[in-house]
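[1] Here is a sequence with its predicted model. Questions after.
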Amino acid sequence: MLGLVPPGGGSISLDEPVGRSPTVSTNPGTPSSSTPKLKGSRKLRDENMRTVRLRLLPSGAQERKLWRIADATARLWNELNYTRLMQFRMMGKIDFKGTEHEFYHRYKSVLGVNAGQVIRLNNSAWKSYFETLRLYRQGKLPKFMGKPSPPGFWKDRLLGRRKLVILVRNDRYYLEPTNGGEGYLLLKDWNLRIKYTGRIKWSGKQGTLVIKLEGNRWFAYVPITVGEKPARSNPRGYVKGVYDRVQINKPKGTNKAFIDVGLNNLFAVAFNHTDVAILIKGSTIKAEYYWWKRETKTYQAIRDWLRNRGFKTWRKYHAFHLHAKYKQHERLRHYYRTAIRFLAKTLHGMGVNEVFIGYPYMLNQNNSNEYNANIWWYVKIIKWLGEVLQEYGIRLNVVNEYGTSKQCSICNANHENGRIKRGLYVCPVTGIKINADLNAARNIAKRAGYETPIPRKILSYIVTSNGVKPLTPKEGVTVETPTVKNPTPQKGGKGVIRSRRTPGLR
């Protein structure tokens, strides 16, 4: 659970933009992580909610059936949404009960009771729209938010095809693990037994299943309330994983860590108990983003050129374009989650039991650009980091980081020209040089009421597709020239390979 820290450790003023718990959107059918002011057991359930992503491997016949079911699901959503949209435009209100009864019985023969899950999701979307519209008319929405729009349709606007999504009620499916990373997904209403791959980490009560087609691959999203037992009416609605509680380990100490989140330096970490600091660089994330950006722009340009000239092959390049965007998202997601997992494990090993992280409040609204809107997923980073730290029993607190880059952590004054180069901050008063991101991390510590020593040793790492690798050499290790073994001796001499000359050439 994310904690909030007011600036300077004092009380929070109502008119001051302070750090807040980041809000994120989740997959349809899973509860949001930003549910406000929950009490009692419901709050505990949401803290223990995790989602497992499984890759489905259907046979040819099973995949055709999944396409038909997903198409019917999208058709139900679109028809129900269109009917309610027309009611709202003509009468200013919606007959929820009437439309729910009509479309549930229209699609019950195809989707079974799972049609109710689609209708409930649409009900939630429209009620959320009405609440946001009420706040907009009362002038209570933030200035950067315009007039809200009604719920949209599940379709590709360019192709006109429906988006393929399946919602399955929590008692209409169950999982049959066969080993650590494989098993079968059983869908009762359609008599399907589909093989899946993917490690199930958590054990607990299962929620509404979401099956989606992403990049021509089928994925199943299984929400799990970790540690909760299933209802008596659905004893098989219990997912068996490796751990039955979110907190797997206990903190090894009582040290504090302070993190400044960035893009060139993904994480800059300072500590209150040591002069060692950590830098995890994110240059590879930018390189990955721009490589896939070039791919998507190439496919998009070819697609538009063919489409404007009437060639039907533009659909093929549109599929390439969508696949490249999907791969770009998956690659960035892999890099971020790799870095987060490494950081959490490192902090646990250093005896940290509480982390304070700077949150760039209102950054996208006040200074939005390609870096902080598309490449830098700072909202998801903080959310994912909080979930991983919870496994180690480490508490995560969010601090408003506004002004921490300009303020000097040495003399506590604001120096406009203190940051003279990228990554270097020089105090004009004392002349002390410090890494600019670590300077911000030390200021975050001061806002939380802690003092940190000036870093004397910086451990630098870089995120790669094969894990996080150190840039700082280990003590006593030097760069060695790799030795090349002699090739297997062949005819013509011991250990010598004679080259074959072409006749007529010298």
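    Yep, that arrived.

[2] Please count neighbours and contacts with C-alpha atoms only from this point.
    Will do.

[3] could you say what helices and strands the top helix by length along the chain packs with?
    Across the chain, the helix with the greatest residue count (assigned by DSSP state H) is helix 314-349. Contact here means 3 or more Cα pairs under 8 Å, 6 or more residues apart in numbering; DSSP states H and E; on that basis helix 314-349 packs against helix 283-308, helix 378-391, strand 457-464, strand 467-470.

[4] so how far is that helix off the chain centroid?
    Centre-to-centre, helix 314-349 and its host chain are 9 Å apart (Cα atoms, centre = their mean, to the nearest Å).

[5] how many degrees apart are it and helix 378-391 in direction?
    Relative orientation of helix 314-349 and helix 378-391, computed by axes from the mean of the first three to the mean of the last three Cα atoms, to 10 degrees: 40 degrees.

[6] quick one on the thing from earlier: the helices and strands packed on helix 314-349: which one's closest to Tyr243?
    Judged by Cα to Cα, the one of those that comes nearest to Tyr243 is helix 378-391, at 10.2 Å.

[7] Quick one: list the elements packing against the closest one.
    By 3+ Cα pairs under 8 Å, 6+ apart, helix 378-391 packs against helix 314-349, strand 395-400.

[8] buried residues in the first one?
    This means helix 314-349. Neighbour-count burial for helix 314-349 flags 314-315, 317-329, 331-332, 334-344, 347-348 (criterion: 16 or more other Cα atoms under 10 Å).

[9] Same check on stretch 139-155?
    Buried residues in stretch 139-155 (16+ other Cα under 10 Å): 150-151, 153-154.

[10] any idea how far the residue nearest the centre of the chain is from Lys195?
    Nearest residue to the geometric centre of the chain (Cα atoms, centre = their mean): Lys380, 4.8 Å. Per Cα to Cα, to the nearest Å, Lys380 is found 30 Å from Lys195.

[11] what do you get for Ala70?
    18 Å.

[12] list the contacts for the nearest residue in space to Gly423 that is not next to it in sequence?
    The shortest distance from Gly423 to any residue other than its chain neighbours is 4.8 Å, reached at Ala436 (Cα to Cα, 6 or more residues apart in numbering). If a contact means Cα atoms under 8 Å, 6 or more residues apart in numbering, then Ala436 has 405, 419, 422-425 as its contacts.

[13] from the residues you listed, which is closest to Glu451?
    For the contacts of Ala436, the residue nearest Glu451 by Cα to Cα is Ser405; the value is 16.8 Å.

[14] Find the residue closest to the closest one in space, skipping its chain neighbours.
    Spatial nearest neighbour of Ser405, excluding adjacent residues (Cα to Cα, 6+ apart): Ala440 at 5.0 Å.

[15] For stretch 345-365, buried residues please.
    Quick answer for stretch 345-365 (16+ other Cα under 10 Å): 347-348, 350-361.

[16] so of those, which ones are in strands?
    352-359 (DSSP state E).

[17] any idea of the angle the longest helix of the chain forms with strand 457-464?
    150 degrees.

[18] could you pull out the strands for the stretch 151-300 of the chain?
    Assigned by DSSP state E, counting those that start in this stretch, the stretch 151-300 of the chain shows strands spanning 165-168, 173-177, 182-187, 192-197, 204-206, 209-214, 217-226, 238-239, 255-261, 265-271, 276-281.

[19] Which residues belonging to the longest one are considered buried?
    Within strand 217-226, the residues that count as buried by 16+ other Cα under 10 Å are 218-226.

[20] of those residues, closest to Ile211?
    Ala220 (4.4 Å).

[21] Okay, that closest one and Val463: tell me how far apart.
    Ala220 is 28 Å from Val463, by Cα to Cα.

[22] Kindly report the same for His101.
    From His101 across to Val463, the span is 52 Å (Cα to Cα).

[23] Repeat that for Ala339.
    The gap separating Ala339 from Val463 is 6 Å, by Cα to Cα.

[24] How about Trp67?
    From Trp67 across to Val463, the span is 37 Å (Cα to Cα).

[25] neighbour count winner among these two?
    The residue with more neighbours, out of Trp67 and Val463, is Val463; 22 against 15, by other Cα atoms under 10 Å.

[26] Quickly list what that one is bridged to.
    Beta bridges link Val463 to Val468 when assigned by DSSP bridges.

[27] For Gly60, the count of nearby residues, please.
    By other Cα under 10 Å, the residues close to Gly60 number 9.

[28] And for Arg169?
    Neighbourhood size, Arg169 [other Cα under 10 Å]: 20.

[29] How about it: what's its closest non-neighbour residue?
    Spatial nearest neighbour of Arg169, chain neighbours left out: Thr208 (4.9 Å); criterion: Cα to Cα, 6+ apart.

[30] The one you found is in contact with Arg172, isn't it?
    No - counting by Cα atoms under 8 Å, Thr208 stays clear of Arg172, with 9.1 Å between them.

[31] Between the two, which has more neighbouring residues?
    A direct count of neighbours by other Cα under 10 Å for Thr208 and Arg172 places Thr208 higher, at 22 against 19.

[32] pLDDT wise, what is the more buried one at?
    Per-residue pLDDT puts Thr208 at 95.

[33] gap between it and Tyr107?
    The span separating Thr208 from Tyr107 equals 18 Å under the rule Cα to Cα.

[34] just Leu389 next, same as before
    43 Å.

[35] Identify the residues contacting stretch 248-262?
    Residues outside stretch 248-262 that contact it (Cα under 8 Å, 6+ apart): 267-273, 347-359, 376, 378, 391-394, 437-438, 440-442, 444-445.
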